[in-house]
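Q: 3D, please:
(one chain, ligands or ions: 1)
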Amino acid sequence: MTLPLPPGAQVLPDAEAVARAAADHLVAVCADRPGERVAVCLSGGSTPKRLYALLSGPDYAARVAWARIHWFFGDDRVVPWDDPLSNVRMVREAFGHGAPIPATHLHFIPSDLGAEAGAAAYARTLQDYYGADALEPGRPLFDLVLLGLGEDGHTASLFPGKPALREAAAWAAPVPEAGMTPFVPRITLTYPALASSRRVLFLVTGAGKRDPLRRLAAGEDLPAARVTSQGQVIWLLDAAAAEA
Ligand code: 6PG
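A: Numbers count the residues shown, from 1 in each chain. Next up, the predicted model:
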């Protein structure tokens, strides 16, 4: 029996199917915008590694509009980019050498500046890309946002009870104290930035995510529940996560 699930949830057989479904969404997002640049916001953590490897692998590499996509990060840990905890390092390793990403299209979070200055600098990076300092309804910043779900219901580095949840203006925020391991300072996109999107995909796999999913389905006000989009918010779950 599957859990009562968030609206927009799709249950797939396993983590591989979740990764492939997400890859298909990315291909579709690019096809929806022929000839246009496309902004994709990457998730950190371990779940999306397979997706990133798929995109640069033989089944998808030729279908990804590499020259048109700009890659951003939903959050990162305030560690050096070559640190094992860095999402930049995780993404680089997962994409491997099969991803012909132009150097100017990979927009890292400047975690070397520290949480406060790094958040301010990343907000400027986003605004420079967007071409304005204020987000306009109907002109989303991101074409696709990829997110994960933490066991405490966090997403990106928006943790329960932390001040970044209340940030309603800045596009990125410092998170001096993470709510879950790794307990290092973070930089996260805020709800307004994540909401400025055409499509949001949550990738959630494994039995360890049953509890937060159950809590979300019960209507608990967890950070992940507050994510909105100008388009669809789609939950891609594997059976292990969705089972009651
Ligand atoms: C991070 C992510 C974080 C992640 C969840 C789920 O930097 O860690 O942004 O929000 O998506 O914690 O992580 P897993 O995919 O490893 O379960």
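Q: where's the residue of the chain found nearest the ligand relative to Glu36, distance?
A: When distances are taken as Cβ to the nearest ligand atom, the chain reaches nearest to the ligand at Gly148, 2.3 Å away. In short, each C-beta sits where N, CA and C put it, glycine included. With distances defined as Cβ to Cβ, to the nearest Å, the gap from Gly148 to Glu36 amounts to 27 Å.
Q: out of those two, which sits in the busier spot?
A: The residue with more neighbours, out of Gly148 and Glu36 and counting by other Cβ atoms under 10 Å, is Gly148; that gives 21 against 11.
Q: can you pull the contacts of the more buried one?
A: Residues near Gly148 by Cβ atoms under 8 Å, 6 or more residues apart in numbering: 43-45, 47-48, 155, 202-204.
Q: Please indicate which of those are buried?
A: Buried members of the contacts of Gly148, scored by 16 or more other Cβ atoms under 10 Å, are 43-45, 47-48, 155, 202-204.
Q: If we check the ligand, which of the residues you listed are in contact?
A: Intersecting the buried ones among the contacts of Gly148 with the contacts of the ligand gives 43-45, 47, 155 (criterion: Cβ under 6 Å from any ligand atom).
Q: follow-up on the earlier one: tabulate the contacts of Gly148 (JSON lines), appending pLDDT.
A: Putting these into JSON lines (pLDDT from 0 to 100) gives the following:
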{"residue": "Ser43", "pLDDT": "98"}
{"residue": "Gly44", "pLDDT": "97"}
{"residue": "Gly45", "pLDDT": "96"}
{"residue": "Thr47", "pLDDT": "98"}
{"residue": "Pro48", "pLDDT": "98"}
{"residue": "Thr155", "pLDDT": "98"}
{"residue": "Phe202", "pLDDT": "97"}
{"residue": "Leu203", "pLDDT": "98"}
{"residue": "Val204", "pLDDT": "98"}
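Q: quick check, nearest of these to Gly57?
A: Pro48 (14.0 Å; Cβ to Cβ).
Q: Would you check that the closest one makes contact with Ala94?
A: Yes - in this structure, Pro48 is within contact of Ala94 by Cβ atoms under 8 Å, at 7.5 Å.
Q: follow-up on the earlier one: backbone dihedrals for the residue of the chain closest to the ligand, both of them.
A: Dihedral angles of Gly148 (phi, psi; degrees, to the nearest 10) stand at phi -110, psi -180.
Q: Point out the residues in the protein that sit beside the ligand.
A: Of all the residues in the chain, those in contact range of the ligand (Cβ under 6 Å from any ligand atom) are 43-47, 74-75, 87, 148-150, 154-156.
Q: What is the nearest of the contacts of Gly148 to Pro223?
A: The shortest distance between Pro223 and any of the contacts of Gly148, using Cβ to Cβ, involves Thr155 and amounts to 5.7 Å.
Q: I'd assumed Ala224 was in contact with the closest one.
A: Yes - using Cβ under 8 Å, Thr155 is in contact with Ala224, at 4.1 Å.
Q: ranges for the helices of the chain?
A: Counting by DSSP state H, the chain forms helices over residues 15-31, 49-55, 87-95, 115-130, 191-195, 210-217, 239-242, given from the N-terminal end onward.
Q: in the protein, which spans are strands?
A: Taking DSSP state E to define them, one finds strands in the chain at 9-12, 38-42, 69-73, 75-77, 144-147, 172-175, 186-189, 199-204, 232-238.
Q: can you tell me which residues contact Gly179?
A: Contact criterion Cβ under 8 Å, 6+ apart gives 150, 152, 154, 159-162 as the residues in contact with Gly179.
Q: got a markdown table for the helices of the chain, with mean neighbour count and mean pLDDT too?
A: Conversion of these to a markdown table gives the following (neighbours: other Cβ atoms under 10 Å; pLDDT from 0 to 100):
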| stretch | mean neighbour count | mean pLDDT |
| --- | --- | --- |
| helix 15-31 | 19 | 98 |
| helix 49-55 | 22 | 98 |
| helix 87-95 | 19 | 96 |
| helix 115-130 | 18 | 98 |
| helix 191-195 | 22 | 98 |
| helix 210-217 | 19 | 93 |
| helix 239-242 | 21 | 96 |
